[in-house]
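In: Fold the following and give me the result.
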Amino acid sequence: MKQPLAYVHPAAKIAPSVVIDPFVTIDQNVEIGEGTRIGSNVTIMEGARIGKNCTIFPGAVIGAVPQDLKFKGEETTAIIGDNTTIREFVTVNRGTAAKGKTVVGNNCLIMAYCHVAHDCVVGDNVIMSNAVQLAGEVQVDNYAVIGGGALVHQFCHIGPHVMLQGGALVNKDIPPYVKAGREPIAYAGVNSIGLRRRNFTNEQISEIQEIYRYLYLSGMNFSDAIDRIEAELPATKERDEIILFVRNAKRGIIRGYV
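Out: Okay, here's the model as predicted:
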């Protein structure tokens, strides 16, 4: 259902059940899935791909060109998954030649004034509180929760099930299942409450806590700690995920609290 005061480019692919409020602008080369609602004064620019049953609140801008001087006008996309809520004045920029797309996954809640820069990949069931700012090529994994006003440096990787303190300045990778906060950013324990809410067993949580005792409380450097974890702790999905994350952390992982 389109309001007469909205502008929708004739070449845009809009499902019949999409609700478009007044003063919306939807450009060409845009696709919007069934059941989505586009609030007033939203701007959806070329390359946007918005899934089913999303809600885009007033003032949001999806698919603007990257704020990256290397961008040369290449055809790229900004993808929003199904059942995701984009609150007021959120900006999600298109990708660049680096990855070709910016992605926000399914079932996410992106609160007011957040920015998702070019080539970011945000997983499913992620919550970003008000005014979180992701620089270019940041990766945020499934079920991460990012507190309001957090600033995330380009190329950083935030692992699954992480709980990040509001106002945090993130310049290192944050491994899976942990809480992180303080200034400078540091490990603050395992996100045990969040894990229980997502049906992790006590045995799984205890195993994760033991892994992080090796990493942060043993006095070993990270490389030696990971070797010991691999040699001494039984192989599980969680153990192997943490090992792989730490070994592949291009920016290094956050330190323990001193």
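In: Residue 71 and residue 110, how far apart?
Out: As judged by C-beta to C-beta, to the nearest Å, residue 71 and residue 110 stand 22 Å apart. Backbone N, C-alpha and C define where each C-beta goes, glycine included.
In: what's the answer for residue 140, then?
Out: 11 Å.
In: Tell me the span between the first and last residue of stretch 231-244.
Out: 14 Å (C-alpha to C-alpha, to the nearest Å).
In: how far away is the closest residue to residue 170 other than its chain neighbours from residue 97?
Out: Using C-beta to C-beta, 6 or more residues apart in numbering and skipping the chain neighbours, the partner closest in space to residue 170 is residue 152 (4.4 Å). The gap separating residue 152 from residue 97 is 22 Å, by C-beta to C-beta.
In: Which residues are in contact with each of residue 140 and residue 110?
Out: 122, 126, 128 (C-beta atoms under 8 Å, 6 or more residues apart in numbering).
In: Surely the last one is in contact with residue 111?
Out: Yes - contact criterion C-beta atoms under 8 Å: residue 128 and residue 111 qualify, at 6.1 Å.
In: Out of the two, name the residue with the larger neighbour count.
Out: residue 128 (28 against 19; other C-beta atoms under 10 Å).
In: What are the buried residues along stretch 216-223?
Out: 216, 222 (16 or more other C-beta atoms under 10 Å).
In: Residues contacting it, please?
Out: 187, 214-215, 225, 228, 246, 252-253, 256.
In: that older thread, counting only strands, which of the shared contacts of residue 140 and residue 110 make the cut?
Out: 122, 128 (DSSP state E).
In: which of residue 71 and residue 110 has more neighbours?
Out: Higher neighbour count among residue 71 and residue 110: residue 110, with 28 against 17, using other C-beta under 10 Å.
In: which pair in the contacts of stretch 216-223 spans the largest distance?
Out: Pairwise distances across those peak at 18.6 Å for 228 and 252 (criterion: C-beta to C-beta).
In: Please identify which of the two sits among more neighbours.
Out: residue 228 (14 against 11).
In: Tell me if the more buried one really is in a helix.
Out: Yes - counting by DSSP: H, G, I helix; E, B strand; the rest coil, residue 228 falls inside a helix.
In: Test my guess that it contacts residue 214.
Out: Yes - the pair residue 228 / residue 214 is scored as a contact, 5.8 Å apart, by C-beta under 8 Å.
In: what bits of the stretch 151-258 of the chain have low per-residue confidence?
Out: 258 (pLDDT under 70).
In: hang on, the earlier thing: thought the residue nearest to residue 170 was touching residue 162?
Out: No - between residue 152 and residue 162 there is no contact under C-beta under 8 Å: 11.3 Å.
In: if you count what's nearby, which of these two comes out ahead?
Out: Shown here are residue 152 and residue 162; by other C-beta under 10 Å, residue 152 has more neighbours (26 against 22).
In: can you pull the contacts of that one?
Out: Neighbours of residue 152 in contact, by C-beta under 8 Å, 6+ apart: 132-135, 138, 140, 146, 158, 170.
In: go again using 6 Å as the cut-off
Out: 134, 138, 170 (C-beta atoms under 6 Å, 6 or more residues apart in numbering).
In: The first one and residue 7, how far apart?
Out: Read that as residue 134. Taking C-beta to C-beta, one finds residue 134 at 29 Å from residue 7.
In: Looking at those two, which is more packed in?
Out: A count of neighbours by other C-beta under 10 Å puts residue 134 above the other of residue 134 and residue 7, at 29 against 14.
In: for stretch 229-247, which positions count as buried?
Out: 229, 238-239, 241-243, 245-246.
In: Quickly name whichever of those is closest to residue 27.
Out: Nearest to residue 27, judged by C-beta to C-beta, of the buried residues of stretch 229-247 is residue 245 at 37.8 Å.
In: any idea what that closest one is structurally, helix, strand or coil?
Out: helix.
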